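1. Sequence first, predicted model second:
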Amino acid sequence: EPLPKYYAHANHWQSDNANPLHALYYQDRDLNRRNILQSIQANYYATDWLVFNGAYSYERYNTFNNTYRPKGFNTGQATTDGQMYKSSSEGISQTLSFTANMDQDFGDLSVRSRLQYMYEDFQTEFFSIQGSDLVVGNIRTLNAITGGKTIQSSSTTVRSRNYSGIVDMDYLDRYIISALFRMDGSSLFGEDARWNPYYRLSAAYRIAEEFDIPGVSELRIRTSYGISGQRPGFNYQYETYSVSSGSLSKSTIGNKDLRPSETKELEFGLNAEFLNMFDLEIIYADIVTEGAFLNVPLPAASGFAYQWQNAADISAQVFEVTLGALVLNTPEFRWRTGFNFDRIRQEVTRLDAPAFRTGPTINQLQSFYIREGEPFGIMYGGDWVTSLDQMANQLPAGLSIDDFMINADGYVIRRGTEGTVNERPIRLLDENGDEAFVRIADMNPDFNLTWNNTFTYKGFALNMLWHWKQGGDIYNQTKQWLFRDLRHGDFDQAGKPENEKKTASYYTTFYRVNEPNTYFVEDGTYLKLREASLYYTFRSGQLGRLGTGLLESIRLGVIGRNLLTFSNYSGWDPEVSQVDYAQSNTTNYYIDMFNYPNFRTITFSLELNF
C-alpha cells in the first residue's frame, strides 16, 4: 500500500556495487610527470638611478596516464574482458618581460617608479583513448582493444599582453603615496572586449613620525582604492558542443562581449607598534565584484542550454585584525605569539538573469541557489517537519495534530509509530501542498581565527599554528550515499532504548537519491593544529673540525602538517571543498562527496650552511 503524500518514500537496497578491494588488487594505474623549467635574466645599469631589465622564462610539462584492467575484471555488475585507458598531456608556458626601474631622491622626496611590458603564451595539447574487450590478456597496447572505444582530444592556446606603470613617493618618511596603472589584453577576453584597464591609488600617513607618542614606535593609517580583474575561462567566449557516439548537441552559446570581471576594493587600515612588545594591524575593506561570470541557463528557443555572461555583482565586507606580541625575550629564551581574526560577509547584489541553481555537477547535485539579495554559497533543498506548529500547517485530511508527535531524533512522526517499522519522518510542504524548496545551509563561516606561537631556546626553535573556523555548513553527500546501501553508522542501533530504535526504512527515507535535504547538513566548525615544527641548529663551535672552515652551521628539523583536528563533523575531515567538475570552481561549494581525506604529513629537514 503506498505511503501517504506527507511521507517521503524510501529507496530500495542496491546490490550491484563493486568490491573496492577487487579493483585495488587487479587494476594497475600509472601516472608519470616530467617538467623542464628554464629562465634567463639580464640587467643594464644605465645610470645610478635607471636600470633596465629583461627576463624570459620557459616551462614545459608532460603527463602520461595509464590504467589497465585485465580480462576477467569484475565491475560489480558483470565480469568483463578487460579495459584500457591511456592519456597524454603537454603544456608549454612562456613569459617575456622588459622593465625600466627608476629610483631617485629629490631632497626630502623619494621617488621610485617602474614601467613594464609583459607577454605571456600558454599552450596545451591533450588526448586520451579508452576501450574495452581486450583481444588477449597482458598485452598493454591500444591495438588490443576491440570494442567500446572512446577517443578525446583538446588543444588550448592562451596569449596575453600587458603594459603597466607604477610610481611610489615618500616625503619626509611619513607621507606615502603609490599609484599604479595597467592595460591588460588577453585572448581569453571576448572578441569585442580584448583590452581592459586597471589601476590602484593608495596613501599612508605615519603619525608616529610626526608626533612623539609615549610607548608608541609606529602608528600608521592608510587607505587605498583599486581595481583588479579575473580572466574568463578558455571556452567561455566560444560556442561549445557535446559529441557522443557521433551525435552532436549544442551546449553553450558564445559571448563576444565577455569581459573580465572587475573587483573594486576600498580599504582602510591601521598599523601600530607599541610598548616594545605589541604590533597591531586592523583592516576593513569594502569589495564589489562587477560582472562576475555565471553560466546562465537560456530559454529553449535559443537552441543552446547555457551562455557565460558577466551576469552578477557580488559585494563583500571584510574585517581583519592581527595582533602580535613578543611575550618573553631573554638571551636564551624567546616567545613570540600572534593572533589573526577575519570575518567576511558577501551578497549577490545584482543578477541579470532569473534565479537559478548551480554548483558541483557530479550526479546533478546543483544545490546552490544564485539569487539577487542572497549571500553567495547558500544551499537550497528539502526539509523535514520538526515542530508540531509546522505540522499544523500541513495536516492531512481527517487527521488532527494529536495524531502526531516528535520522536527522539527531533522529527515529527505519526503518534504510535516510534520504534516500529512504520516510523517515518515527514517531509515539509509549502502552501501549495508540494515539497518545500527552502534555504537549508550557509557555507560561509562566522569567522576564522589563527594562533601562531614561536619558541626559541638556545639552539631549539618550536613553532605551532592553530586554526579555528567557526560555523559554515557542510553538505555530507558521502553520508547520503552510504544511506543508500545501509552502510552508515546511523543504522547501528546498539545501545539505544528499545522504543527509540529505528528501522532501516526510517533512515533510507532521508536518502532521496541526489536531492539535497537538511538531514545531511552539518556544522563545519573545527579547530586544527595546522602546522608544528621543531628545529635544532648546531653552530660552528659545536661542529668540531667540521666547523673550522667547512661548515658554519647544521640545522635539523621535523615539520608536521594537518596534525590534529577537533570537530563534531561526522565525515573524515570538515575541511572539504568539492570541485565543480564542469568549471573547476571550489569557491564556497563545501560538499563532501567521497573527498579523499586531507593528508597528515611529516617532513624531515637537513640544512647545511657553508
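-> Perfect, thanks for sending it. Numbers count the residues shown, from 1 in each chain.

2. Glu332: neighbouring residues, count only.
-> Neighbour count of Glu332, defined by other C-beta atoms under 10 Å: 7. Where you see a C-beta, it was placed from the backbone N, CA and C, and this is true even at glycine.

3. which residues does it contact?
-> 457-458 (C-beta atoms under 8 Å, 6 or more residues apart in numbering).

4. And it, how close does it get to Phe455?
-> The gap separating Glu332 from Phe455 is 11 Å, by C-beta to C-beta, to the nearest Å.

5. what's the answer for Ser242, then?
-> In terms of C-beta to C-beta, Ser242 sits 58 Å off from Phe455.

6. the more surrounded of the two?
-> When Ser242 and Phe455 are compared for neighbours, Phe455 comes out ahead with 17 against 11, by other C-beta under 10 Å.

7. which SSE is the nearest residue to that one once chain neighbours are set aside in?
-> The spatial neighbour of Phe455 that comes closest, neighbours along the chain excluded (C-beta to C-beta, 6 or more residues apart in numbering), is Leu462 at 4.5 Å. Assigning secondary structure by DSSP states H and E places Leu462 in strand 460-470.

8. Give me the residues contacting the helix or strand just after that strand.
-> Where DSSP H and E defines the elements, the next helix or strand beyond strand 460-470 is strand 473-476. By C-beta under 8 Å, 6+ apart, the residues outside strand 473-476 that reach it are 367, 379, 441-443, 516, 520-524, 569-571, 574, 576, 590-592.

9. still on that earlier bit, which pLDDT value belongs to the residue nearest to Phe455?
-> Looking at Leu462, its pLDDT stands at 98.

10. mind listing the strands for the stretch 301-450 of the chain?
-> 306-329, 333-351, 356-358, 368-370, 378-381, 404-406, 412-414, 438-442, 447-457 (DSSP state E, counting those that start in this stretch).

11. now the longest one and strand 333-351, what's the angle there?
-> Direction vectors for strand 306-329 and strand 333-351, defined by axes from the mean of the first three to the mean of the last three C-alpha atoms, to 10 degrees, enclose an angle of 160 degrees.

12. Output the below-cut-off pLDDT ranges for the stretch 101-250 of the chain.
-> Residues of the stretch 101-250 of the chain that meet the criterion pLDDT under 70 lie in 244-246.

13. which parts of whatever helix or strand Ser110 lives in are buried?
-> Using DSSP H and E, Ser110 falls within strand 109-134. Residues 110, 112, 114, 116, 118, 120-122, 124, 129-134 are the ones in strand 109-134 that count as buried (16 or more other C-beta atoms under 10 Å).

14. just the residues you listed now: which is nearest Thr503?
-> Set against Thr503, the nearest of the buried residues of strand 109-134 by C-beta to C-beta is Ser132 (40.6 Å).

15. Could you tell me which residues make contact with the nearest residue to that closest one once chain neighbours are set aside?
-> Among residues not flanking Ser132 along the chain, Gly148 sits closest, at 4.0 Å (C-beta to C-beta, 6+ apart). For Gly148, the contact set (C-beta under 8 Å, 6+ apart) comprises 83, 130-133.

16. For those residues, give me a markdown table that also has distance to Gly165.
-> As requested, the contacts of Gly148 are exported to a markdown table (distance: C-beta to C-beta, whole Å):
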| residue | distance to Gly165 |
| --- | --- |
| Gln83 | 57 |
| Gln130 | 51 |
| Gly131 | 55 |
| Ser132 | 59 |
| Asp133 | 62 |
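
17. among the strands of the stretch 301-450 of the chain, which gets the worst mean confidence?
-> strand 356-358 (a mean of 78).

18. State the next helix or strand along the chain beyond the host helix or strand of Thr478.
-> Using DSSP H and E, Thr478 sits within helix 477-484. Counting by DSSP H and E, the next helix or strand C-terminal to helix 477-484 is helix 504-508.

19. Against which helices or strands is that following helix packed?
-> When contacts are defined as 3 or more C-beta pairs under 8 Å, 6 or more residues apart in numbering; DSSP states H and E, helix 504-508 sits against helix 477-484.

20. Just confirm Asp500 contacts Gly419, I think it does.
-> Actually, residue 500 is Glu rather than Asp. Yes - the criterion here is C-beta atoms under 8 Å, and Glu500 meets it with Gly419 at 6.4 Å.

21. circling back to that earlier point, would you point out the most distant pair within the contacts of Gly148?
-> Largest separation among those by C-beta to C-beta: Gln130 and Asp133, giving 11.8 Å.

22. Give me the neighbour count for Ala397.
-> Neighbour tally, Ala397, other C-beta under 10 Å: 5.

23. May I have the phi/psi pair for it?
-> Torsion angles at Ala397 (phi, psi; degrees, to the nearest 10) stand at phi -60, psi 140.

24. What separation is there between it and Gly433?
-> Taking C-beta to C-beta, one finds Ala397 at 11 Å from Gly433.

25. ok, now Thr450?
-> From Thr450 to Gly433 the distance is 49 Å (C-beta to C-beta).

26. got it, and Glu607?
-> 70 Å.

27. Equivalent analysis for Asp121, please.
-> Asp121 is 60 Å from Gly433, where distance means C-beta to C-beta.

28. Quick check: nearest residue in space to Thr67, chain neighbours excluded?
-> Tyr85 (4.2 Å).

29. and the helix or strand containing the one you found, what does it pack onto?
-> Per DSSP H and E, Tyr85 falls inside strand 83-106. If you count contacts as 3+ C-beta pairs under 8 Å, 6+ apart, strand 83-106 packs onto strand 50-69, strand 109-134.

30. Dump the ones you listed to CSV, plus distance to Ser186.
-> As requested, the helices and strands packed on strand 83-106 are arranged in CSV below (distance: least, C-beta to C-beta, whole Å):
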stretch, distance to Ser186
strand 50-69, 18
strand 109-134, 8
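
31. if we can go back for a sec, can you put the strands of the stretch 301-450 of the chain in a markdown table and add distance to Ser217?
-> As requested, those are exported to a markdown table (distance: least, C-beta to C-beta, whole Å):
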| stretch | distance to Ser217 |
| --- | --- |
| strand 306-329 | 12 |
| strand 333-351 | 16 |
| strand 356-358 | 50 |
| strand 368-370 | 48 |
| strand 378-381 | 45 |
| strand 404-406 | 61 |
| strand 412-414 | 63 |
| strand 438-442 | 42 |
| strand 447-457 | 21 |
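
32. Tell me which of these approaches Glu265 most closely.
-> Among these, the nearest to Glu265 by C-beta to C-beta is strand 306-329 (8.9 Å).

33. Could you give me the buried positions within the closest one?
-> For strand 306-329, burial by neighbour count (16+ other C-beta under 10 Å) applies to 306-316, 318, 320-322, 324, 326.

34. That strand versus strand 447-457: what angle between them?
-> Counting by the same axes, to 10 degrees, strand 306-329 lies at 40 degrees to strand 447-457.

35. I'd like the numbering to begin with 52 instead of 1 from here.
-> Will do, 52 is the new start, and the previous item becomes strand 357-380.

36. Partner strands of strand 357-380 and their direction?
-> In the sheet, strand 357-380 lines up against strand 298-304 (parallel), strand 329-348 (antiparallel), strand 384-402 (antiparallel) (DSSP bridges).

37. Please state the offset of the longest one from the chain centre?
-> Yep, that's strand 329-348 we're talking about. Relative to its chain's centre, strand 329-348 lies at 16 Å (C-alpha atoms, centre = their mean, to the nearest Å).

38. What separation do you get for Ser148 and Ile180?
-> Distance from Ser148 to Ile180, by C-beta to C-beta: 39 Å.

39. now do Asp219
-> Distance, Asp219 to Ile180, using C-beta to C-beta: 55 Å.

40. Surely Ile464 touches Thr471?
-> No - under the criterion of C-beta under 8 Å, Ile464 is not in contact with Thr471, lying 9.8 Å apart.

41. more neighbours, those two?
-> More neighbours surround Ile464 than the other of Ile464 and Thr471, with 23 against 14 (other C-beta under 10 Å).
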